[in-house]
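*Asks:* I need the structure of the sequence given here:
(chains A, B, C and D)
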Protein chains: 4
Amino acid sequence: MPIEKDDRVYILLEDGRDYLVRVTPGKSLGTHLGNLELSELLGKEFGEWVFTSKGKKAFLLQPGVVENIFHMRRRTQIVYPKDLGYILLMLDVKEGDRVIDVGLGSGAMCGALARLVGESGRVYAYERREDFIALAQENLKEWGVIDRVTIHLQDIEEGFVERDVDALFLDVPEPWKYLRQCWDALRGGGRLAIVSPTAGQVIEVLRGLGALPFVAVQVWESLFREYKPNPSTFRPFDRMVAHTTYMIFARKVFETP
Amino acid sequence: MPIEKDDRVYILLEDGRDYLVRVTPGKSLGTHLGNLELSELLGKEFGEWVFTSKGKKAFLLQPGVVENIFHMRRRTQIVYPKDLGYILLMLDVKEGDRVIDVGLGSGAMCGALARLVGESGRVYAYERREDFIALAQENLKEWGVIDRVTIHLQDIEEGFVERDVDALFLDVPEPWKYLRQCWDALRGGGRLAIVSPTAGQVIEVLRGLGALPFVAVQVWESLFREYKPNPSTFRPFDRMVAHTTYMIFARKVFETP
Amino acid sequence: MPIEKDDRVYILLEDGRDYLVRVTPGKSLGTHLGNLELSELLGKEFGEWVFTSKGKKAFLLQPGVVENIFHMRRRTQIVYPKDLGYILLMLDVKEGDRVIDVGLGSGAMCGALARLVGESGRVYAYERREDFIALAQENLKEWGVIDRVTIHLQDIEEGFVERDVDALFLDVPEPWKYLRQCWDALRGGGRLAIVSPTAGQVIEVLRGLGALPFVAVQVWESLFREYKPNPSTFRPFDRMVAHTTYMIFARKVFETP
Amino acid sequence: MPIEKDDRVYILLEDGRDYLVRVTPGKSLGTHLGNLELSELLGKEFGEWVFTSKGKKAFLLQPGVVENIFHMRRRTQIVYPKDLGYILLMLDVKEGDRVIDVGLGSGAMCGALARLVGESGRVYAYERREDFIALAQENLKEWGVIDRVTIHLQDIEEGFVERDVDALFLDVPEPWKYLRQCWDALRGGGRLAIVSPTAGQVIEVLRGLGALPFVAVQVWESLFREYKPNPSTFRPFDRMVAHTTYMIFARKVFETP
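*Replies:* Take a look at the predicted model:
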């Protein structure tokens, strides 16, 4: 399928610098390796490449979830792919699931959840700030998943509207304050994931989870290390991300047998 | 929805030991904390719990992808959740995708891919050993995704049957021998993931990828560390998995613009 | 210098199993690869090897600080080499230094400090339990450094006897209770190292250090990963130590300029 | 002991920026937090502090081995403290030892070794480049250990002058070429440490060690992670050093029993 007007294209330059553009004829992309007239992309196939004005290669690729996250407009901390993949597995998100996402922020996690629940599932997102909701809506539209999302402009202090959800992702400054509300919203056996960057916060969350009927409580952190992809100098890059967040997981059970 | 005959149930004992059973009336599960008559599970809701013969709690939970992997019958090395989540993201597997999985082995990765491509997608699995295929089929049936999978009993030396696949996962002893075949099977911009446990193998793969039109070549490894989920002694567990595999990613481009 | 009666010898079998023995004629060492009459070691040079009764090689090597630590008699948690080397550097321990070690425990850290301060330096060790002191004395004698150590059977609640010490190593269950005492004992610019295994403890220590004139406060943890030393399968071993302790460092300054 | 003319002082500003100066009356230190007349330091005690011209605190501390390394003049890659401490332990360097250091480079490892061998020990350093030797000599003088070091301006291809050394540290681009020479120079049971940044180099070294009478071959890497030293936001810093070098260790044995 050739690239058409308004398609989203992930452009990778030969030196590794990358861009995510929407093909708008008449517009051009300025890069440190020369310019690219976006109209030149029309009719090209993904996997093909074009030359910049300086004669450098620009590869035309489909954007996926990872490229979307690293190139989205954002005003909040995102969940990194290194953690995101694991959280999605641990929450067991799949076609048809009903999932709560709070706080919505710039929409990265919401988009990743909506992508997995499919047409038959639904994501319920909570956010207190209208400006974040506006930004997230823009991003969710860009990714084509906004139809699967219900957004609540609402504080979760009074609890969630939904009941019996399959999974709940909680990313708020003081998560330990809302654990009862999470329990109320989940179905029996439903899965909870909480991200918190500091050790003190995790300790508070563990204290809270211990006072409620949650089981399978686990806390994880991930360290991903990238290597130089060169056969003659194969070794890790000099620096890496040391920490993004702790990930806390738990499953709801009932209070009595 | 109450638990019915033949349902699969993930049973978590109060001390953390866990089991994955199929509810067969008349059968019982023997554990170090006492026995459990499986017929007692009938009519229970997930999230409820029962007592073992020794009066210990046994929580009844739905099995998900992570529980399936750790409790599957297997005769080969599995891909760990710590790597699996990241690979699925990097391969951008989603509803409707056509994906190749080689070698099939016990079927863990195949099952994870089939879960994501949905009803409208398809996984093409390659495996040279009939006994592995038999085992994998059993597992894929167990997980309810076998209808989405085509299995080829075939060496990939002569290449793949399919063309223009969206993604390809390669887990074989000498992956560098099959890179041209992978390139042939992928669509333009299609995504390749290779796992290899030793550094020498990765160096060989990088040499091979460098000789073919692949871009966005990345090599990663992941270290996941679990913490004691106890507020008063919050710290990592003493030991952890140090290494499973290196993960190599690349995308196909065409040889000429 | 040939091995003599009563010499300490580190014996490494060809399969990697190791032993630390004192050469006592008439005694024999039983191993899973056969027996070794210790009298056979007399007159051998270090670096030579002998055969066990089953014809396996046993290499004769000098024990050093790392072998001493892993083969010492102990009843307490030891400081691992992975942390020990860094702590010794950060404490800048060297010839002639006067250093406090608390609690003494089985004597591993004390021995490492005594080894570095030399004949002209001194280690002041504090311990509340007589049985630990007896064990540590035995170990320090074994390593030949007991003459450099003064041992106090004393709780540090009321402070240390010494003043103006160059460095202080604090390894006790509730280190935050003794920070003022540490400050009193150190010279201006003196170095403090504290080990604590849990995050909650570190938070308490940081709170305490913040209330006193300490600068250059740093908290570190180390992850050491060992690789299979085989050229054709070079890769990390499957499992590793995930956590031993957090290491906290600080330096004393005065309250007024 | 008050600070005197020509003393070396480690100056730590209240925001964590640091400097290592030699007290030269008439000179001043310019910092982003104001200037400091070095003559003001005369007569101060270590641990005291002075104000910069902008009224900011500057703490006066003794420099130690870690401060020396991070503030030395250098033109080569240094061995980081995270690896240095471990290497010194694994080489078991102590008072009276005779140790070979190659290549000398800017002198960091040589200085660390010389510090440990004491007055009665000796470090034999090899370096092919005269300009590196000049720089290293300057650094070793600065640290006060040059009297313990013999420097050879010499390629090690033809081997080392010394025999029966206790330990040998090898940091050269192609270490596998000199393993026989290392074996020749070491005493029986003597310890060898090699640093190599890439996996391919380590594989070569392992191949070479396997062909010679070396035992106790180990390969390690270290990951050190620093935490924010703040009780209310205790968590790792965002980024860390991902890789410096692989560390290879081995001990010499004789070819025949």
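*Asks:* For A:Ala185, which non-adjacent residue is closest in space?
*Replies:* A:Phe160 (4.1 Å; CB to CB, 6 or more residues apart in numbering or on different chains). Bear in mind the C-beta positions are built from the backbone N, C-alpha and C, glycine included.
*Asks:* Local confidence estimate at the one you found?
*Replies:* pLDDT, A:Phe160: 98.
*Asks:* I'd like to know how many residues surround it.
*Replies:* 20 (other CB atoms under 10 Å in any protein chain shown).
*Asks:* okay but A:Gln154 is in contact with A:Ala125, surely?
*Replies:* No. Applying CB atoms under 8 Å as the test, A:Gln154 and A:Ala125 come out as separate, 10.0 Å apart.
*Asks:* Looking at those two, which is more packed in?
*Replies:* Per other CB under 10 Å, whichever of A:Gln154 and A:Ala125 has more neighbours is A:Ala125, with 26 against 14.
*Asks:* wait, is the more buried one part of a strand?
*Replies:* Yes. Counting by DSSP: H, G, I helix; E, B strand; the rest coil, A:Ala125 is part of a strand.
*Asks:* Okay, it and chain D: tell me how far apart.
*Replies:* For A:Ala125, the distance to chain D equals 26 Å [CB to the nearest CB, to the nearest Å].
*Asks:* Is the residue of the stretch 1-150 of chain A found nearest chain C in a helix, a strand, or coil?
*Replies:* As assessed by CB to the nearest CB, chain C sits closest to A:Lys82 within the stretch 1-150 of chain A, at 16.3 Å. What three-state DSSP gives for A:Lys82 is helix.
*Asks:* which residues of the stretch 151-257 of chain A fall in helices?
*Replies:* A:179-185, A:199-210 (DSSP state H, counting those that start in this stretch).
*Asks:* How about the residue of the stretch 151-257 of chain A found nearest chain B, nearest residue that isn't a chain neighbour?
*Replies:* The stretch 151-257 of chain A approaches chain B most closely through A:Gly188 (2.0 Å), counting by CB to the nearest CB. For A:Gly188, ignoring the flanking residues on the chain, the nearest one in space by CB to CB, 6+ apart is B:Gly47 at 2.0 Å.
*Asks:* so which strand or helix has the one you found?
*Replies:* Using DSSP states H and E, B:Gly47 falls within no helix or strand.
*Asks:* Contact partners for the residue in the stretch 1-150 of chain A that chain D sits nearest to?
*Replies:* Per CB to the nearest CB, A:Gln77 is where the stretch 1-150 of chain A lies closest to chain D, at 10.6 Å. Residues in contact with A:Gln77 (CB atoms under 8 Å, 6 or more residues apart in numbering or on different chains) are A:Gly105.
*Asks:* And for A:Asp184?
*Replies:* So A:Asp184 contacts A:159-160, A:163 (CB under 8 Å, 6+ apart).
*Asks:* I'd like the distance from it to B:Glu157, if you could.
*Replies:* A:Asp184 sits 57 Å away from B:Glu157, going by CB to CB, to the nearest Å.
*Asks:* try A:Asp155
*Replies:* For A:Asp155, the distance to B:Glu157 - CB to CB - is 61 Å.
*Asks:* And the strands in the stretch 151-257 of chain A, which stretches?
*Replies:* A:165-170, A:186-196, A:214-227, A:239-241, A:246-252 (DSSP state E, counting those that start in this stretch).
*Asks:* okay, these in a markdown table with mean pLDDT next?
*Replies:* Output for these, formatted as a markdown table (pLDDT from 0 to 100):
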| stretch | mean pLDDT |
| --- | --- |
| strand A:165-170 | 98 |
| strand A:186-196 | 98 |
| strand A:214-227 | 98 |
| strand A:239-241 | 97 |
| strand A:246-252 | 98 |
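*Asks:* Any chance of a markdown table for the ones you listed, columns mean neighbour count?
*Replies:* Converted to a markdown table, those look like this (neighbours: other CB atoms under 10 Å in any protein chain shown):
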| stretch | mean neighbour count |
| --- | --- |
| strand A:165-170 | 24 |
| strand A:186-196 | 24 |
| strand A:214-227 | 20 |
| strand A:239-241 | 15 |
| strand A:246-252 | 24 |
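*Asks:* so which of these gets nearest B:Lys5?
*Replies:* Across the strands of the stretch 151-257 of chain A, B:Lys5 has its closest neighbour in strand A:186-196 (18.7 Å, CB to CB).
*Asks:* Just want the angle from the closest one to strand A:246-252.
*Replies:* Angle of strand A:186-196 versus strand A:246-252, following axes from the mean of the first three to the mean of the last three CA atoms, to 10 degrees, is 170 degrees.
*Asks:* what about A:Val23, how many residues close to it?
*Replies:* For A:Val23, using other CB under 10 Å, the count is 19.
*Asks:* And A:Ser232, by the same measure?
*Replies:* Residues near A:Ser232, counting by other CB under 10 Å: 11.
*Asks:* domain ranges for chain A?
*Replies:* Domain assignment for chain A by automatic domain parsing gives A:8-63, A:71-252.
*Asks:* leaving aside the residues next to it on the chain, what's closest to the residue in the stretch 151-257 of chain A that chain C sits nearest to?
*Replies:* Nearest residue of the stretch 151-257 of chain A to chain C: A:Ala199, at 4.0 Å (CB to the nearest CB). Sequence neighbours aside, C:Ala199 is the residue nearest to A:Ala199 in space, at 4.0 Å (criterion: CB to CB, 6+ apart).
*Asks:* ok, the contacts of A:Asp184 vs A:Gly144, which is closest?
*Replies:* Of the contacts of A:Asp184, the one sitting nearest to A:Gly144 (CB to CB) turns out to be A:Phe160, at 25.8 Å.
*Asks:* was I right about the residue nearest to A:Ala185 contacting A:Arg98?
*Replies:* No. Between A:Phe160 and A:Arg98 there is no contact under CB under 8 Å: 11.2 Å.
*Asks:* Show me the common contact partners of these two, please.
*Replies:* Common neighbours of A:Phe160 and A:Arg98 (CB under 8 Å, 6+ apart) are A:Tyr124.
*Asks:* So which bits of chain A are right by chain D?
*Replies:* Within chain A, the residues that sit near chain D (CB under 8 Å from any CB of the partner chain) are A:197-200, A:223, A:225-226, A:231-243.
*Asks:* Much appreciated, bye for now.
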